[in-house]
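Student: Got a predicted structure plus its sequence, pasted below:
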Amino acid sequence: MYKDNIIIEMNPRDIINRNVIGPKPVLVFGNIQDLALLRLTQAECLQNIYRKFRGEKYVGMFQLNKPTLLLLEPEIIKQFLVKDFQYFTDRGFIYDEKREPLTANLVNLEGSKWKVLRQKLTPSFSSGKIKNMMALLQDCSKQLLVYLQDITKGSLDSEIELHEFTAKFTTDVIGTCAFGLQFNSMSEESSDFRRMGQKVMAPSKISAVSKLLRVFFPTLFRILKLRTFPKEVNNFFLSVVSDTLKYREEHQIRREDFLQMLADIRGIEFSNPEADRSHEVEFTDNLIAAQAFAFFIAGFETSSTTMSFCLYELALNQEVQEQVFNEIHKIAKKYNNLLSYDSLKDLVLLEQCLLETMRKYPPVQALARVCTKTYKIPGTPIQLDKGTAVLVPVYAIHHDEKYYNDPEKFDPDRFTKENINARLSGTYMPFGDGPRICIGMRFAMTEMKLALATFLCKYKVYSCSRTQTPLKLDPAGFILAPKDGIWLKISLRKIDI
């Protein structure tokens, strides 16, 4: 396909049989040189390829040494992620249950183990379960206002960094709703759980290189004894979960939280000795800790980043912000000034703002899959061998003017009921798509709506001298995140709900 003057010729046909067009790869880096050297985010790197091959359904590319099929059109994306999901059940993320027990979570697990665990965990995220957690969420939202009063020190106008502010809130939410513990991230600067979250998610060149080795050179990753997360983080969460489960069992304590749901699943497994165990998953303390940890990571970072991006857009779009405030004001009065589970469902415009935020800034920049058995792309002679990597460039699709007119504009009206129904399937994927769609998306939307409604009914946000326009995205970030945070001015509203 390519004739290079370099030492070797890299060809996507090594694993992707037949002829697949694609960008010319560079020695060592393949087609992700700017990503590997931390010049661009994954979102921007894939967007450049996406734009060069408009009109194609897919292209062959290299992620360092890994041949990859990049899907470009909604029709083929749905074919891979939904219709033919049985060929692409896995994400291709390595996990090590012995050395790094926390990696054996629902995000990374594969095959039948993932399927069984997913089936058992899905009821834990039902609307009924989330409604039962509302009292816990409401307590956190009250602490949010206390924290705001503390950091603004009673001033009517203050400049604050929103990303860290929202991260402290979501850390406390996950603490109480997942672990049944008070993390106190908003009241204590030295909160252990906030510190652990920062250790896991803080962008750095070292963590970025380690991540690349883990994905593309897993054998070398193991030989060098690198870690997905610091050992301190692993030991901390294993200890917290084990101690909490033991304490609850000894004192016969129950809480309506995620950890209790996992413990209940384990109890059901043990109480049914005649059940077929051939495809079962043993709910050890370590496995439970891994799922709680995944909920912690996914729940605090993606939600906090989305909320900070949303507040940023509302600061730049004051008219939309006032419409959101008026909606919150109206709904709060309807429900006697209580932001309950039912009242949150009525905050339609606020939800549209969050959906539009996740279009512009999808936390997961691309969806990763791996071919688990030989697959022939329908209607073509092209065959994918087992092990072929597949990517869906979510950010690029969300920013394609073919699907979203003036894509850089923040426009919540894109997500009215009518526009959602008219949208082409496979063009909006902030939570993923198909059977591996994010299991906690309903919880995330509830958490974010409650926090933003609590904040916006008391405060207004504006841009200030430290506000970046446009925002710079962090190439070293684990998810799509602002490079230097999001600085805004907040002002206490004179109208009190």
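Tutor: Structure received.
Student: which regions of this structure sit below the pLDDT cut-off?
Tutor: Within the chain, the stretches with pLDDT under 70 are 1-18, 154, 156, 187-190, 202-205, 268-280, 495-497.
Student: Keeping just the C-alphas, turn the top helix by length along the chain into PDB.
Tutor: Counting residues, the longest helix in the chain under DSSP state H turns out to be helix 231-251. C-alpha atoms of helix 231-251 as PDB (Å, rounded to 0.1, in the frame of the first residue of the first chain):
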ATOM      1  CA  LYS A 231       0.700   0.400  44.300                       C
ATOM      2  CA  GLU A 232      -0.400   2.800  47.000                       C
ATOM      3  CA  VAL A 233      -3.800   3.200  45.300                       C
ATOM      4  CA  ASN A 234      -4.200  -0.500  44.800                       C
ATOM      5  CA  ASN A 235      -3.500  -1.300  48.500                       C
ATOM      6  CA  PHE A 236      -5.700   1.600  49.700                       C
ATOM      7  CA  PHE A 237      -8.800   0.600  47.900                       C
ATOM      8  CA  LEU A 238      -8.400  -3.100  48.600                       C
ATOM      9  CA  SER A 239      -8.100  -2.300  52.300                       C
ATOM     10  CA  VAL A 240     -11.000   0.100  52.300                       C
ATOM     11  CA  VAL A 241     -13.400  -2.300  50.700                       C
ATOM     12  CA  SER A 242     -12.300  -5.400  52.700                       C
ATOM     13  CA  ASP A 243     -12.500  -3.500  56.000                       C
ATOM     14  CA  THR A 244     -15.900  -1.900  55.100                       C
ATOM     15  CA  LEU A 245     -17.500  -5.300  54.100                       C
ATOM     16  CA  LYS A 246     -16.100  -6.900  57.200                       C
ATOM     17  CA  TYR A 247     -17.400  -4.200  59.500                       C
ATOM     18  CA  ARG A 248     -20.900  -4.300  58.000                       C
ATOM     19  CA  GLU A 249     -21.100  -8.100  58.300                       C
ATOM     20  CA  GLU A 250     -20.000  -8.100  61.900                       C
ATOM     21  CA  HIS A 251     -22.400  -5.300  62.900                       C
END
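Student: starting at the chain centroid, how far to that helix?
Tutor: Its chain's C-alpha centre and that of helix 231-251 lie 25 Å apart, by Cα atoms, centre = their mean, to the nearest Å.
Student: next SSE after that helix?
Tutor: helix 258-270 (DSSP states H and E).
Student: ok, and what's touching the next helix or strand after that next one?
Tutor: Once helix 258-270 ends, the next helix or strand along the chain (criterion: DSSP H and E) is helix 285-297. For helix 285-297, contacts defined as Cβ atoms under 8 Å, 6 or more residues apart in numbering pick out 97, 101-107, 117, 121, 174, 178-179, 197, 200-201, 237-238, 240-242, 245, 258-259, 262-263, 266, 281, 440. In this view, the C-beta of every residue, glycine as well, is placed from N, C-alpha and C.
Student: Same question for stretch 225-235.
Tutor: Residues outside stretch 225-235 that contact it (Cβ under 8 Å, 6+ apart): 100, 101, 102, 103, 196, 199, 200, 210, 213, 214.
Student: Name only those of the residues you listed that count as buried.
Tutor: Neighbour counting by 16 or more other Cβ atoms under 10 Å classes 100, 101, 102, 103, 196, 200, 210, 213, 214 among those as buried.
Student: Double-check that residue 368 belongs to a strand.
Tutor: Yes - applying DSSP: H, G, I helix; E, B strand; the rest coil, one finds residue 368 inside a strand.
Student: was I right about it contacting residue 388?
Tutor: No - between residue 368 and residue 388 there is no contact under Cβ atoms under 8 Å: 11.8 Å.
Student: What sits closest to the residue nearest the centre of the chain if chain neighbours are left out?
Tutor: In the chain, the C-alpha nearest the mean C-alpha coordinate belongs to residue 302, at 4.5 Å (Cα atoms, centre = their mean). Leaving out its chain neighbours, the residue that sits closest to residue 302 by Cβ to Cβ, 6 or more residues apart in numbering is residue 363, at 4.1 Å.
Student: I figured residue 214 was touching residue 95, is that so?
Tutor: No - if you go by Cβ under 8 Å, residue 214 and residue 95 don't touch, sitting 10.0 Å apart.
Student: What distance do you get for the closest residue to residue 79 other than its chain neighbours to residue 148?
Tutor: Nearest-residue entry for residue 79: residue 378, 6.6 Å, with adjacent residues in sequence omitted and distances by Cβ to Cβ, 6+ apart. Computed as Cβ to Cβ, to the nearest Å, the residue 378 to residue 148 distance reads 54 Å.
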